[in-house]
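J.: What follows is a predicted structure for the sequence shown.
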Amino acid sequence: MRLYCPLQDAGAADPVKRGKMSKYNELKEKCWKANMEVPRHGLAVYTFGNVSALDPSEGIFAIKPSGVPYDEMKAEDMVLLDLDGKKVEGKMNPSSDTPTHIVLYRSLSGVNGIVHAHSTYAVAWAQACRPIPIYGTTHADHLSGDIPVTEVMSDEMIRGQYEEQTGYQIINALKEKNLSPRDVQMILVACHGPFTWGPTPDKAVYNAVVLEEIAKMAYISEQVNPDIKRMKEPLINKHYQRKHGKDAYYGQTKNKQE
């Protein structure tokens, strides 16, 4: 895979690309708005974290610029790249996690938004290299199993293309655990932090917020009762199926999901 290069700016002087500026501006606006939800929900501080937004019809995604504080960012600061990592538009360097986003977009069908957060409780579980057990119904409303954690990255992977290998860490974990990225839209990268995704950037942010809440609840539950057990399967299935099953009845319309 060819990774992005900050010096490449293909399309900046291309009249065909300039003719698509309105479409690109819409993508940038969508990405910027999703990024602004990160500090609003306490998912990261300062310049931590990033959100990207993919236009699948164009094969182009927008992503937060690297090292720019959220309160200084504007929609026009979002950087556009293709799925080979070539910069299509933007004056700034894209997020250093861009190669991770590329791997996920190329590997996960139907994913059009990705979030990498640095939220406190989710990061704590990731640093502990522990999956988050399914202890209660709030968790079961969103997943029917534990929130997975990847393996710790090998020295060889670290010495290679680190951010790209982070993406493969995630993909390998999903495959090894036989998890569908449609059903499980969140994961902890061991020693690092959470990544979430979804069919839209807004849904990916929603998943990041939910993950942080579940992580916090699980942590507190273990403090209240160190001998806590995983919730029993019939209750897990009831809550998951009423919201996501073929006969789901949660919400105002049958089969409607948040």
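T.: On my side now, so go ahead.
J.: can you give me the helices for the stretch 51-200 of the chain?
T.: 98-107, 120-127, 137-140, 155-159, 162-176 (DSSP state H, counting those that start in this stretch).
J.: ok, the closest residue to residue 140 other than its chain neighbours - contacts?
T.: Excluding the flanking residues, the one nearest residue 140 by Cβ to Cβ, 6 or more residues apart in numbering is residue 239, at 3.8 Å. Using the backbone N, CA and C atoms, a C-beta is placed for each residue, glycine as well. Contacts for residue 239 (Cβ atoms under 8 Å, 6 or more residues apart in numbering) come out as 137, 140-141.
J.: repeat that with 10 Å
T.: Residue 239 sits next to 134, 136-142, 144, 231, 250 when contact means Cβ atoms under 10 Å, 6 or more residues apart in numbering.
J.: now these: which count as buried?
T.: Buried members of these, scored by 16 or more other Cβ atoms under 10 Å, are 134, 136, 139-142, 144, 231, 250.
J.: Helix or strand, whichever it is, which one in this structure has the lowest mean pLDDT?
T.: helix 15-18 (a mean of 41; mean pLDDT, DSSP states H and E).
J.: ok, back up a step: highest mean neighbour count out of the helices of the stretch 51-200 of the chain?
T.: Of all those, helix 98-107 has the most neighbours on average by mean count of other Cβ atoms under 10 Å, namely a mean of 23.
J.: got the angle between that helix and helix 162-176?
T.: 30 degrees (axes from the mean of the first three to the mean of the last three Cα atoms, to 10 degrees).
J.: before we move on, the earlier item: kindly present the contacts of residue 239 as a markdown table, with separate columns for pLDDT and distance to residue 213.
T.: Below are the contacts of residue 239 laid out as a markdown table (pLDDT from 0 to 100; distance: Cβ to Cβ, whole Å):
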| residue | pLDDT | distance to residue 213 |
| --- | --- | --- |
| 134 | 98 | 14 |
| 136 | 96 | 11 |
| 137 | 95 | 13 |
| 138 | 95 | 7 |
| 139 | 96 | 9 |
| 140 | 95 | 13 |
| 141 | 92 | 11 |
| 142 | 93 | 10 |
| 144 | 93 | 17 |
| 231 | 95 | 16 |
| 250 | 78 | 17 |
